[in-house]
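> next comes the sequence, and after it the predicted model I'd like to discuss.
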Amino acid sequence: MKKFVTILLAAAMAAIFVLPVYAGGGSEPEEEVIKIGALLDFTGPVADLGPKFQAGIELALEEVGYEVAGHPIELIVEDSATSVEAAVEKYKKLVDKDKINLCIGPLMGDAHLALAPLAAENKVIITSLINGMYDTIKYKTYIIYPTTVDAQTYPFGKYTYEKLGHKSAVVIAADYAGKRGYADGFIKGFQESGGEIVQEIYTPLGTPDYSPYISQMKSADVVMYALEGPGPVSRFIYQYRQAGNEGPLVTITQDGDYTPEALAELKDIALGIQGEASYTWKLDNPENKKFVDGIKKKTGTVPSSSEQNAYTLTKILLAALEKTGGDDSYNKMWGAITSLKMNTPAGPVSFTPEGVAITHMYVTQAEKVGNNYEISAPLFTVENVKDWRLK
Amino acid sequence: MDTAIQKKSIFRNYRTIDLVPVVIILFLLLILPALAPTHVQGIMVKFLIYAIFAISYDFVFGYAGLLSLGHAAFFGTGGYVAAVLSLHWENNLFWLGMPLGVILAAIIAAVFGLIALRVSGTYFLLLTFALAQLLYSVSWNVRWLNSSGMQGIANISLPGLGFAFEWNNLRFFYFALVIFGICLYLLKRITDSPFGHALVGIREGDIRMRVLGYNVWFFKYLAYIISGTFAGVAGVLFAYFNRFISPAQFSLGTSFLPMVMAIIGGRGTLYGAVIGAAIVVFVEYFASLFTPERWPLILGAIFVVSIMYFREGVGVFLVKNWKKVSGANDSTTN
Amino acid sequence: MDFFLSNLLNGISYGMILFLIAAGMSIVMGVMGITNLAHGALYMVGAYVGWTVAVKLGLDFWLAAVAGGIAGGLIGLLMERVFLKQLYKQVNEQVLLTYGFVYILTNICIWIWGGRYRLQFTAPYIFGSVDLGDFSFPLTRIVITGLGFIIAASLWYLQNKTRIGAIVRAGMDDKEMIQGLGINLNVVVMLVFFIASFIAGFAGVIGAQLLSTYPGIGLDVLLQALVVIIVGGVGSIQGALLGGLLIGLIDTFGKALFPGLAMFTIYLAMIVVLLFKPSGLLGRKV
């Protein structure tokens, strides 16, 4: 028996060394097929967003029958596990093995910063998923949509002061690049309008219990929160209200955090909080009608901005590929993308030469429609938001 | 115990059949990587880095018998030194980064060893864990240890050798192979030395050794430092290859990897740890091709099976029984 | 004053959850000599099962808590009977084996329930808060604190005042003697392990009133339990209680006073204790 097991094991060992060379071997760069890679998170704190992004990408590809400019398209999705290390590893796999030139995602700002220099060297174009880091612009390899983190929230900071009438604010944000950037934009907008930021609190990633932070909050007209994702956001709102705090809350990326699932869980607690959003499924334009129907058929729920962003980014890549006649090389694609103007479910989009999108920003909140809790139509719109550093 | 005499007698006893595994291993290590696609070469580099980490751990655990739960502290330190050199001094000179990384890892091991070795058993386990966690939170919180706007340090340049040289995965593999070979050779010399044998004696019963007049504490301390030093080597390579490092390299997950590898492969024999590293890295690669979401389940199952049924380790099991298999039947080839 | 009071109450209630998590693990470790790193995973399984019962099926919260406890207890028992029994006193193997189970159980939870974070849940009549002067204190925290004290008292009684407790404590010191007295040690061991695992699963549901439920919680909770055990001492209920409360307070006040150094303060405290009293503040030597 031992002999048998030994030989079996030895063979298995040999196999795991040798097989990768042949079975896992890299694919030859086929001239015909255009490969698009996607780095999405299916595990980790924002795991629920991965499938949403994927649904958006797939819908866009299905609409063109997985074909553009006469070339078939292959989508290769990898799990970046909400970890920068995993994102870097999977990125290398996509570039070395699958030979992609275009990549959608990853989500995390940290991962963007880690990948940008690599992508610049490989001449691979990466798109953001919900925002971009200004520091990556110099690499000229990032397509940032809807815009940079701080530019996205800057108009909302102004809105909170001017339109909502709050003169002082406490800011609580998750302590990592992306959310700090959001907080910075809000703070800048709020202060430039004349508001006072009374306190800034930064919470570690994955904080289970927000009560110590809640109890140390100084009093102010409003509290602005910017936390990692739907899970932490729900947790925070719940604990904040549970501690008896009734004051107003505002937030950013509400469109991403107020997923149908999160709203169903929060119920009444979610009402009355206004937030910056780059999209809401109740926007009224022809592209959105088509898009919402498509997502409803595909996943059974209405889309949040996750599906929309992925969908629109895919459509942007497809439009650029049409322009270049199917040539997905960096030199052709960069110019094609940055010269695009399109209508999307979230409104019109155009680009700066640095690859940063110019889009509209909206304000939304949760509302109760019958027995359902849904995100509202825009309460307010800021048009053509552009990062002020790129003027 | 004259090594020279020993060597001669080994060669005299070699049969042709015993050369087969050696040839196969040489083929796997030297020729196969050149045939592999770029991406797989990257996986092989990863294997080498973790193999160094694993043998460093096997030295302190398999030989000295100290179950440490915080070895990531030294791995991470080595990596961060290389990373910081790149970040703040724009220096990627390998001949500077590696020695500095190794020295700092050794210093950290010396300091931590003083603290941790005051206790033993479960407490030692917990204390080593706490010390590594301390470094984790330092690397997380101290701005100077992070690239602007993110956790960790990105954009570490590939190692500079002092002369013009273009890196690719294959070249990095051979480079790492040389370093791995040096580490393995050095550790083997140490384990075969009287010091190494004393460590085994301490592992088996330190009271006995104390009675015999050995300074048990000092031997353990030395072993801990040596182990940490080699872990630092792996960390430096990690930073140069991945071009990125983060607090996660100080985490419990990272500390567990070499332990897992040493135990699955077979502790107390350096080659066991190497085999363990190969198993973990390559099975993970396979899992990522077919069922990436189930990889942790597979790894967990492999642990459990090795503990319950391959107590001495899969690698050791293979080697021991290979001798039986090839001894009993001369015409057996792989 | 408000600041102090609210953080004090928050710290105590958080500390109670830590106590519940650590108690079972500490007892099993100190008294039975088994290092079970999967204890946190039992908490996680309990939380998920409790979620299914309370939220998905909409049943009574306390039923869910008991269901979570039973789930934890059964899985713990399975681990002990099939695997751990054969690794008596081999700390190294236990550590690896139980850590392997963390991976396995975490991945199974992802498989069944998906990676999404679940919101906190509790019984409808516990939702809400009590007004204490200028600030309000959530009822759930009061319930958790009360429950924690009750369980601590019961366990302490069990450990020190009952025959079973005496048997367990004696059995680990001298196995042969106990067996010589005609007591079936096996049954006692199973019972203790089941109770410890039950508490872990139960704690999972109780804690889910405060913390989200997510797959990574098995590991996160393990880290916290380790800290509590180190500080409070292995093998005693008093130690787990003291450790839990201390860490809960340090963590809460630490975050309130120096938010950036939250993690750091805990581990520093841990190291200080380990250096000056390695067996923990109230521990018995392992």
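That came through fine. Numbering: from 1, shown residues only, chains lettered A, B, ... in the order given.
> what strand or helix carries the closest residue to residue B:235 other than its chain neighbours?
Distance criterion Cβ to Cβ, 6 or more residues apart in numbering or on different chains; nearest residue to residue B:235, sequence neighbours excluded, is residue B:78 at 2.9 Å. All C-beta spots, glycine's among them, are computed from the backbone N, C-alpha and C. In this assignment (DSSP states H and E), residue B:78 forms part of helix B:72-88.
> C-terminal to that helix, what's the next element?
Heading C-terminal from helix B:72-88 (DSSP H and E), you reach helix B:94-116.
> just the angle for that following helix relative to helix B:72-88, thanks.
140 degrees (axes from the mean of the first three to the mean of the last three Cα atoms, to 10 degrees).
> what packs against the helix or strand just after helix B:94-116?
Using DSSP H and E, the helix or strand that follows helix B:94-116 in sequence is helix B:122-141. Here helix B:122-141 touches helix B:72-88, helix B:94-116, helix B:252-265, helix C:91-113, helix C:217-232, helix C:262-276, going by 3 or more Cβ pairs under 8 Å, 6 or more residues apart in numbering or on different chains; DSSP states H and E.
> tell me the angle of helix B:122-141 relative to helix C:91-113?
Going by the same axes, to 10 degrees, helix B:122-141 makes 50 degrees with helix C:91-113.
> where does the closest residue in space to residue C:89 that isn't next to it in sequence land on pLDDT?
Leaving aside its sequence neighbours, residue C:89 sits nearest to residue C:33 (Cβ to Cβ, 6+ apart; 5.7 Å). We have a pLDDT of 75 for residue C:33.
> tell me the contacts of residue A:363?
A:156, A:159, A:274-277, A:378-381 (Cβ atoms under 8 Å, 6 or more residues apart in numbering or on different chains).
> helix, strand, or coil at it?
strand (DSSP: H, G, I helix; E, B strand; the rest coil).
> kindly state the beta-bridge partners for it.
Beta-bridge pairing for residue A:363 (DSSP bridges): residue A:276, residue A:380.
> if we can go back for a sec, state the distance from the residue nearest to residue B:235 to chain C.
21 Å (Cβ to the nearest Cβ, to the nearest Å).
> close enough to count as contact, that residue and residue B:100?
No. Using Cβ atoms under 8 Å, residue B:78 is not in contact with residue B:100; the gap is 9.0 Å.
> these two: who's more crowded?
Set residue B:78 next to residue B:100 and count neighbours by other Cβ atoms under 10 Å in any protein chain shown: residue B:78 wins out with 34 against 19.
> so how many other residues sit close to residue 282?
No chain in the question, so chain A it is. 17.
> chain C, not that one
Using other Cβ under 10 Å, residue C:282 has 19 neighbouring residues.
> list the contacts for it?
Contacts of residue C:282 (Cβ under 8 Å, 6+ apart): C:232-233, C:236, C:238-239, C:242-243.
> possible to save those residues as a markdown table with distance to chain B?
Shown next, in a markdown table, are those (distance: Cβ to the nearest Cβ, whole Å):
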| residue | distance to chain B |
| --- | --- |
| C:232 | 12 |
| C:233 | 11 |
| C:236 | 15 |
| C:238 | 19 |
| C:239 | 14 |
| C:242 | 17 |
| C:243 | 12 |
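> in what helix or strand does the residue nearest the centre of chain B lie?
Nearest to the geometric centre of chain B sits residue B:53, at 1.8 Å (Cα atoms, centre = their mean). Residue B:53 belongs to helix B:38-58 when assigned by DSSP H and E.
> can that helix be found next to chain C?
No. Using Cβ under 8 Å from any Cβ of the partner chain, helix B:38-58 stays clear of chain C, coming no nearer than 12.4 Å.
> residue ranges with poor pLDDT in chain B?
The model of chain B has pLDDT under 70 over residues B:1-19, B:149, B:325-334.
> would you map the helices across the stretch 101-250 of chain A?
Ranges of helices in the stretch 101-250 of chain A, per DSSP state H, counting those that start in this stretch, are A:109-122, A:149-162, A:177-192, A:211-215, A:230-242.
> ignore what I typed, I meant chain C.
Secondary structure of chain C (DSSP state H): helices at C:2-32, C:39-51, C:61-78, C:91-113, C:139-161, C:163-173, C:175-180, C:185-207, C:217-232, C:237-257, C:262-276.
> what about the fifth one, near chain A?
By that I understand helix C:139-161. Yes. Residues of helix C:139-161 are located near chain A by Cβ under 8 Å from any Cβ, namely residue C:140.
> list the contacts of residue 92.
I'll assume chain A. A:118, B:39, B:42.
> oops, wrong one, chain B.
By Cβ under 8 Å, 6+ apart, the neighbours of residue B:92 are B:85-86, B:156-160, B:240.
> strands of the stretch 151-300 of chain B, start to end?
Along the stretch 151-300 of chain B, counting by DSSP state E, counting those that start in this stretch, strands occupy B:153-154, B:244-245.
> among these, which is the most enclosed?
Mean neighbour count (mean count of other Cβ atoms under 10 Å in any protein chain shown) peaks for strand B:244-245 among these, with a mean of 31.
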